[in-house]
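>>> Just need the structure, nothing else, for what follows:
(one chain, ligands or ions: 4)
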Amino acid sequence: MRNFLLPTSLLLVLTILHCTTTTSFAQSPAQSPAPSGPTNCTKILEKAGQFTMFIRLLKSTQVADQINTQLNNSNQGLTLFAPPDNAFSSLKSGTLNSLTDQDKVELVQFHVLPTFVPLAQFQTVSNPLRTQAGNANNGRFPLNVTTAGNQVNVTTGVVDTTVANTIYTDGQLAIYQVDKVLLPLDLFGAPPPALAPKPEKGSSSSSADSPVSAKDDSDDTSGVMGLEQHVILSLGTALVSLFFL
Ligand SMILES: *[C@@H]1O[C@H](CO)[C@@H](O)[C@H](O)[C@H]1NC(C)=O
Ligand SMILES: *[C@@H]1O[C@H](CO)[C@@H](O)[C@H](O)[C@H]1NC(C)=O
Ligand SMILES: *[C@@H]1O[C@H](CO)[C@@H](O)[C@H](O)[C@H]1NC(C)=O
Ligand SMILES: *[C@@H]1O[C@H](CO)[C@@H](O)[C@H](O)[C@H]1NC(C)=O
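Ligands and ions are numbered 1, 2, ... in the order given. Below is the predicted model:
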């Protein structure tokens, strides 16, 4: 038993030391004034100008944090459709005010694709595209593209618009300017959900919403938590093993 524990605990200690040193090595270059910190989507949009409203929504819904965290922690990348301020000001007045906080989260997440999509790749993607707002195939959040050469049109079933411009691309994150706010069918299709005293549609959609987004969120955090817990557990095991030697 002892013979078995000794190498095991040494291995654990070495693993932990290795992790610690790797982390500190990984962190030390960040202290030098290298321009490549973690990608910050709102910073990029601020630099581009004309995206005040979208930045405000990204921040108030905390989708900006989600995006930055995902960019930092995954290698799938992300694609962001960014409507400029004049796209927001040409919305019917009250459009945003009629939305609940959860609706606003979905609206912003509808502008985010969970992978990096270079412009040319829109020619080969299959409709409907999956957005961070949720399942496109149940008809709630469809987002379709059609292309002709470099022209990329986007339709949601509520609005048709065009990719006007590539604001940013680095192989990880692509930000495209779209001429209109992408209004999802789920929030803006057919009867406005805000008016009725939510008999069925409101309650069923909100109860369907929360698990989806809660799941998306918890997927991220549970990964992080899992890792942290794992490290703490390993540390605990190692210490206990050492103690008994
Ligand atoms: C991202 O940039 C914004 C400024 O646009 C700043 O307020 C925010 O703190 C930055 N976030 C991170 C994680 O650095
Ligand atoms: C990005 O990841 C590094 C290393 O995993 C971590 O130290 C840093 O806090 C993360 N930054 C953000 C903004 O999540
Ligand atoms: C994109 O939309 C514009 C304007 O609605 C239209 O003229 C053009 O034919 C569309 N192109 C494609 C590839 O769908
Ligand atoms: C999106 O594309 C799918 C598959 O081609 C189609 O079934 C759906 O009707 C389209 N939706 C919109 C809003 O264009």
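>>> Please tell me how far the nearest residue to Asn72 once chain neighbours are set aside sits from ligand 4.
Leaving out its chain neighbours, the residue that sits closest to Asn72 by Cβ to Cβ, 6 or more residues apart in numbering is Pro38, at 4.7 Å. All C-beta atoms are positioned from the backbone trio N, CA, C, and that covers glycine. As judged by Cβ to the nearest ligand atom, to the nearest Å, Pro38 and ligand 4 stand 34 Å apart.
>>> where does this protein come near ligand 2, residue by residue?
38, 68-69, 72 (Cβ under 6 Å from any ligand atom).
>>> ok, 5 Å please
Counting by Cβ under 5 Å from any ligand atom, the residues of the chain close to ligand 2 are 38, 69, 72.
>>> and the gap between the second one and Leu78?
So that's Thr69. Remark: distance between Thr69 and Leu78 (Cβ to Cβ, to the nearest Å) = 11 Å.
>>> Which of those two has more residues huddled nearby?
Neighbour totals were compared for Thr69 and Leu78, and Leu78 leads with 23 against 14 (other Cβ atoms under 10 Å).
>>> you'd agree Gly77 is up against Ile175?
No - with contact defined as Cβ atoms under 8 Å, Gly77 does not count as touching Ile175 (11.4 Å).
>>> dump the residue contacts of Tyr168.
Shown in contact with Tyr168 (Cβ atoms under 8 Å, 6 or more residues apart in numbering): 44, 48, 174-175.
>>> repeat for Pro184
106-107, 110, 133, 140-141, 143, 156, 158.
>>> Return the closest of those with respect to ligand 4.
In terms of Cβ to the nearest ligand atom, no member of the contacts of Pro184 lies closer to ligand 4 than Thr156, at 6.2 Å.
>>> That closest one: what's it in contact with?
110, 142-144, 182-185.
>>> do the same with Cys41
Contacts of Cys41 (Cβ under 8 Å, 6+ apart): 58, 64, 67-68, 71, 80, 173, 175.
>>> Using neighbour counts, trim the residues you listed to the buried set.
Buried subset of the contacts of Cys41 (neighbour count, 16 or more other Cβ atoms under 10 Å): 58, 64, 67-68, 71, 80, 173, 175.
>>> Helices of the protein, start to end?
Per DSSP state H, the chain carries helices over the ranges 2-31, 41-48, 52-60, 63-73, 85-89, 101-109, 185-188, 201-244.
>>> before we move on, back to that, of the contacts of Pro184, which one scores lowest on pLDDT?
Scanning these for pLDDT, the low point is Arg140. It has 83.
>>> Pretty sure that one sits against Gly157.
No - contact status for Arg140 versus Gly157: not in contact, 10.0 Å apart, counting by Cβ under 8 Å.
>>> Of these two, which one has the most company?
Arg140 (20 against 17).
>>> need the contact list for that one.
Per Cβ under 8 Å, 6+ apart, neighbours of Arg140: 134, 184-186.
>>> Mind picking the lowest-pLDDT entry from these?
Gly134 (84).
>>> The residue lying closest to Pro118 once chain neighbours are set aside bridge partners, please.
Computed as Cβ to Cβ, 6+ apart, the closest residue to Pro118 that is not its neighbour in sequence is Ala174, at 6.6 Å. For Ala174, the beta-bridge assignment (DSSP bridges) gives partners Thr79, Thr169.
>>> Quick check: Ala174 vs Asn138, distance?
For Ala174 relative to Asn138 (Cβ to Cβ), the value is 26 Å.
>>> Cheers, nothing more for now.
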